[in-house]
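Asker: The following comprises the amino acid sequence and a computationally predicted model.
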Amino acid sequence: MGIQCPGYSPYPALLASWTNLAVEQGIYTIFKMTTYDVPGWGWANAFNPVRWQTFWENQDGQQDLFLTGWRNVWRLYASFFGQFGMGCFRIWYAYTGAWNVINADGSGSKEKLDVLSRPYPQRVAGAVQGWSFDFDSHVFEVTIEPQTEAKGSSEIFIPLRRHFPLGFVMELNGEQYFSDVDQPNGLRTASGALSAGLSFDFAGEILKIYRSDERIFLTIRPL
């Protein structure tokens, strides 16, 4: 990318025009975060050990500024590819220091994982038509079309502790359900009854839908 983009910059709109053009032409868009993009470094300083050390140690907040810019790009486009039924990312990170998704004590970095972690369909009994997640409202949506050869359950990862700490309400094909740790299958209807053909595993944070013969319209919101 290599373009400095402060908050008032037209860069996001320019990036959107490039991405939309690629979609129209059937071209994949790949976002790669590299230190080449650190404002003011340029190619000559991309591997300068002194400059890298200052960045590694987050002197003058250089690393925070860089990650904030990329966080905004990720939030804008994380769900963009989901609407086409695909979405993935790969992280290159160090094992120590601030440039890491794992803290020294082995716990996950909340600042980074709050942005990277989101609900998504892990396995589907059918074909995913698209999904999206809004990082501000924490609303997740997915549509799954049935397929004759597809059997079993569709499994959706729902990061309850990170994005739905008070639980969630979901709408499935016009029916409403609530997460409920006291229910055997982890869900209940608005009337308090058990929900048939569904289950939510609080430990694994996995929602299972046993309805492979029907189209699935699913929306999940925080309580």
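Answerer: Perfect, I can see it now. Residues are numbered from 1 along each chain as shown.
Asker: So the protein: which segments form each domain?
Answerer: The record's domain split for the chain, according to automatic domain parsing, is 11-116, 120-222.
Asker: Could I get the ones you listed in JSON lines, plus columns for mean neighbour count and mean pLDDT?
Answerer: No exception for glycine: its C-beta is placed from N, CA and C like everyone else's. Below are the domains of the chain laid out as JSON lines (neighbours: other Cβ atoms under 10 Å; pLDDT from 0 to 100):
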{"stretch": "domain 11-116", "mean neighbour count": "13", "mean pLDDT": "67"}
{"stretch": "domain 120-222", "mean neighbour count": "16", "mean pLDDT": "89"}
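Asker: Strands along the chain, start to end?
Answerer: Taking DSSP state E as the criterion, the chain contains strands spanning 120-123, 127-134, 139-145, 154-157, 168-172, 175-179, 187-189, 198-201, 206-209, 216-222.
Asker: Out of the ones you listed, which is closest to L14?
Answerer: With Cβ to Cβ as the measure, strand 127-134 is the member of these nearest L14 (22.8 Å).
Asker: Output that closest one as PDB - backbone C-alpha positions only.
Answerer: What follows is strand 127-134 as a C-alpha-only set of coordinates in PDB (Å, rounded to 0.1, in the frame of the first residue of the first chain):
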ATOM      1  CA  ALA A 127     -23.300 -23.400   0.800                       C
ATOM      2  CA  VAL A 128     -22.500 -20.100   2.500                       C
ATOM      3  CA  GLN A 129     -24.000 -17.200   0.500                       C
ATOM      4  CA  GLY A 130     -22.300 -14.500   2.600                       C
ATOM      5  CA  TRP A 131     -21.800 -13.300   6.200                       C
ATOM      6  CA  SER A 132     -20.900 -10.100   7.900                       C
ATOM      7  CA  PHE A 133     -20.000  -8.800  11.400                       C
ATOM      8  CA  ASP A 134     -20.200  -5.200  12.500                       C
END
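Asker: so it versus strand 139-145, what angle?
Answerer: Direction vectors for strand 127-134 and strand 139-145, defined by axes from the mean of the first three to the mean of the last three Cα atoms, to 10 degrees, enclose an angle of 170 degrees.
Asker: Parallel or antiparallel, list what pairs with strand 127-134.
Answerer: On the basis of DSSP bridges, the sheet neighbours of strand 127-134 come out as strand 139-145 (antiparallel).
Asker: show me where the protein has helices.
Answerer: Using DSSP state H, the helices assigned to the chain run over residues 11-24, 42-45, 49-56, 62-77, 110-116, 160-163.
Asker: With L207 as the reference, name the closest of those helices.
Answerer: Nearest to L207, of all the helices of the chain, is helix 160-163, at 9.6 Å by Cβ to Cβ.
Asker: Show me the contact partners of that closest one.
Answerer: 113-114, 117-119, 138, 167-168, 179, 202, 205, 222 (Cβ atoms under 8 Å, 6 or more residues apart in numbering).
Asker: Reformat those residues as JSON lines; add distance to P10.
Answerer: Supplementary listing: the contacts of helix 160-163 in JSON lines, determined by distance: Cβ to Cβ, whole Å:
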{"residue": "L113", "distance to P10": "31"}
{"residue": "D114", "distance to P10": "28"}
{"residue": "S117", "distance to P10": "30"}
{"residue": "R118", "distance to P10": "27"}
{"residue": "P119", "distance to P10": "32"}
{"residue": "H138", "distance to P10": "29"}
{"residue": "G167", "distance to P10": "41"}
{"residue": "F168", "distance to P10": "37"}
{"residue": "S179", "distance to P10": "42"}
{"residue": "F202", "distance to P10": "45"}
{"residue": "E205", "distance to P10": "39"}
{"residue": "P222", "distance to P10": "33"}
